[in-house]
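Undergrad: quick one, what's the 3D model for this:
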Amino acid sequence: MVRPNTRPKNATQRPGEILLQNKQKRRTAREVKEDKERMEQERQENEAAAQRNTERIASIEDKMALKELKTLMDAPKPRPR
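TA: Model prediction:
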């Protein structure tokens with residue numbers, strides 16, 4: 001049986017190369033560890049910022065409640081006739 005000849009143009013082509021070009025490179029263990037540490041640090045910073053905001057809002061609400069209570073306690077007295 002005669003083996004078919006490959007065309008000269010196709011002799012150096014690699015049909016699977018297209019699939020390998022779109023494949024994402026794998027990250028090393030060190031890169032994964034660094035990414036996890038960075039994400040954990042960002043999460044902690046966000047939680048700390050949220051806690052500070054909550055405390056700030058609570059202090060504002062406390063001041064408003066004290067001011068309202070003071071206004072109710074020191075209400076102006078009606079003038080006698």
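
Undergrad: what residues of stretch 50-59 count as buried?
TA: By neighbour count on 16 or more other CB atoms under 10 Å, the buried set for stretch 50-59 is empty. Every C-beta, even on glycine, is put in place using the N, C-alpha and C of the backbone.

Undergrad: starting at the chain centroid, how far to that stretch?
TA: Distance of stretch 50-59 from the chain centroid (CA atoms, centre = their mean, to the nearest Å) equals 20 Å.

Undergrad: pLDDT of it, averaged?
TA: For stretch 50-59, mean pLDDT is 98.

Undergrad: and the helices in this protein, which stretches?
TA: Applying DSSP state H to the chain gives helices spanning 17-21, 29-73.

Undergrad: out of the ones you listed, deepest packed?
TA: Of all the helices of the chain, helix 29-73 carries the top mean neighbour count, a mean of 10, counting by mean count of other CB atoms under 10 Å.

Undergrad: centre of the chain to the worst-scoring helix or strand of the chain on mean pLDDT, how far?
TA: Across the helices and strands of the chain, mean confidence by mean pLDDT, DSSP states H and E is lowest for helix 17-21: a mean of 84. With CA atoms, centre = their mean as the basis, helix 17-21 stands 32 Å off its chain's centre.
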